[in-house]
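>>> missing the sequence, but the structure's below:
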């Protein structure tokens, strides 16, 4: 039987304030001199037919669902393919982008697309396919709406840019080795740093990066849930982590072997969907209780690096990073 591991106060004491940057060995969050970000573990050949329906596609970078429209990011050519989830037989609409999208994030009726190759953030209207871009110095890795503002994680500059409309109103730096994802978790803002495999709180008003907390052995992706928690995939240790925010504390560590990597959250059903790249599977865990409870598990396309969910229909979308298609499952 799998056991849930809950952090004790001694474990949570790993929280740091005023951490140093660089390769200072006094930094307790950095365990090696030259940290390397964790990545998706490679997939073997498929052992089972994928569940649901598979649509042909070039290698998929990332996916998202807004208002019944599925957006699939492709690198060649840099574009979004927009599918009507209610009629998958209809040909997708193509929307050109100035560079491949690394992350897609719903923001109301729009999609935020981070374009590190173009040093820009794109706002995409799935209804009509219009795209507006905002210059962001460096390599924007991900974005998230926070009220009327937009927060942008800029990986190479180790920074969070705060946008008011199309204007950068504040740049927040300090303590980060890599800003890979920024998340609005309840009243708290959190940044995922893959190099340090850690989460950091950000004080938007003060413009500072606050304490950091180690997130497993190789944190790769993260989402927030309706309780204001941050759910993190630890791809090296094979675990699903749950952190409370304000203050930032590790609350749960649940073993999920098989190369856990991509993650999406269905707020209507309290399900965290994760991809298992070593097994070519996707699994759903009910995270509404005291510990995760597995509810679904399906075989999927090879190298399932991305997953998204339509909260209205509960349809789950898995994208193959090696060109085996886009898979749509209706649990």
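Yes, it's here. The model shown is predicted, which means the values in this text are computed figures rather than measured ones. Residues are numbered from 1 along each chain as shown.

>>> got the end-to-end distance for stretch 70-79?
13 Å (CA to CA, to the nearest Å).

>>> typed the wrong thing, it's stretch 284-304
End-to-end distance of stretch 284-304 (CA to CA): 14 Å.

>>> tell me the secondary structure for residue 117?
Taking DSSP: H, G, I helix; E, B strand; the rest coil as the rule, one finds residue 117 in the helix state.

>>> Count residues in the vicinity of it, would you?
A count of nearby residues for residue 117, using other CB atoms under 10 Å, gives 16. Where you see a C-beta, it was placed from the backbone N, CA and C, and this is true even at glycine.

>>> now swap in residue 290 and tell me
Residue 290: 9 neighbours (other CB under 10 Å).

>>> Give me the three-state assignment for it.
Counting by three-state DSSP, the backbone at residue 290 sits in coil.

>>> Quick one: low-confidence residue ranges for the stretch 151-300 of the chain.
Residues of the stretch 151-300 of the chain meeting the criterion pLDDT under 70: none.

>>> what packs against the helix or strand harbouring residue 328?
Using DSSP states H and E, residue 328 maps to strand 326-329. Judged by 3 or more CB pairs under 8 Å, 6 or more residues apart in numbering; DSSP states H and E, strand 326-329 is in contact with strand 53-55, strand 69-74, strand 316-320.

>>> Swap in 10 Å and give it another go.
Applying 3 or more CB pairs under 10 Å, 6 or more residues apart in numbering; DSSP states H and E, one finds that strand 326-329 contacts strand 53-55, strand 60-66, strand 69-74, strand 79-84, strand 281-286, strand 293-299, strand 304-309, strand 316-320.

>>> Now distance to residue 177 too, for these, in CSV please.
What follows is the helices and strands packed on strand 326-329, written out as CSV (distance: least, CB to CB, whole Å):
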stretch, distance to residue 177
strand 53-55, 38
strand 60-66, 23
strand 69-74, 26
strand 79-84, 30
strand 281-286, 29
strand 293-299, 34
strand 304-309, 23
strand 316-320, 28
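
>>> out of those, deepest packed?
Stretch with highest mean neighbour count among the helices and strands packed on strand 326-329: strand 316-320 (a mean of 27; mean count of other CB atoms under 10 Å).

>>> Nearest to residue 109 among the helices and strands packed on strand 326-329 would be which one?
Of all the helices and strands packed on strand 326-329, it is strand 60-66 that lies closest to residue 109, at 6.6 Å by CB to CB.

>>> orientation of the closest one relative to strand 69-74 in degrees?
160 degrees (axes from the mean of the first three to the mean of the last three CA atoms, to 10 degrees).
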